[in-house]
Every structure is written in C-alpha cells, then in structure tokens.
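Enquirer: Sequence and predicted structure are below.
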Amino acid sequence: MREFAIQAKTIREAWEQGLQQGLNQVAVNMLYEGIDINLVAKLTGFTIEQIKDLQISELDDSHIVKDFMELSESSLNKVWLNPEEDEAWKYL
C-alpha cells in the first residue's frame, strides 16, 4: 500500500511540473506575440516579476539553442572520416 502512495505522489508531482512548464511556455508565447506583460500576468496568474524572470530565462535559453544550432551546422559541413573509413563504418 505504501508503494502505491509513493507512486501517486510522484505522478502528481510530475503532473504539476508539466502543468507549470506548459503555463510558462504559454506566457512566453504570449510575450513573443507582443501581448502586454500586464495582460499576460492577468491571464496566467503570474506576477509581473515571474514573467520578467521568464523573459530573462527564455533569452538565455535562446542563446544556448542558437549556439547549438551554429555548432551543429558547422559540424555537418566538416568531413569527419576519409572515404575509406566512411566505407568501413557503413557496415557496422
């Protein structure tokens, strides 16, 4: 019985975390669409400070994604293996 109680608590925590992440993303999307920060706060139930924190963290994340995309693109343009090595790996 105790194992079931722990599992239920874990499921609830995961559900609440997912709900929070979804609400955060909705708020960020609203800001991207140019919706006034006060209206975003009213519709999401977040404080102005929480929304400003979301804006800052989203900017930080977008830099990480941009850097990753640039590195990935440059990596794809490189020839990593010579033709013989490439041929050998094809059959592994």
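Expert: Nice, thanks for sending it over.

Enquirer: packing partners for the lengthiest helix in the chain?
Expert: Longest helix in the chain, counting residues (DSSP state H): helix 2-32. Contacting helix 2-32 under the criterion 3 or more CB pairs under 8 Å, 6 or more residues apart in numbering; DSSP states H and E are the following elements: helix 37-44, helix 48-76. In short, each C-beta sits where N, CA and C put it, glycine included.

Enquirer: looking at the ones you listed, which has the lowest confidence?
Expert: Among the helices and strands packed on helix 2-32, helix 48-76 carries the lowest mean pLDDT, at a mean of 68.

Enquirer: Contact partners for S57?
Expert: S57 makes no contacts at all, as judged by CB atoms under 8 Å, 6 or more residues apart in numbering.

Enquirer: Only the buried residues of the longest helix of the chain, if you could.
Expert: Buried positions in helix 2-32, judged by neighbour count with 16 or more other CB atoms under 10 Å: N24, A27, V28, M30, L31.

Enquirer: Which residue, other than its chain neighbours, is closest to the first one?
Expert: Nearest residue to N24 in three dimensions, chain neighbours excluded: L54, at 5.9 Å (CB to CB, 6 or more residues apart in numbering).

Enquirer: what's the closest of the buried residues of helix 2-32 to A41?
Expert: Nearest to A41 among the buried residues of helix 2-32, counting by CB to CB, is A27 at 8.5 Å.
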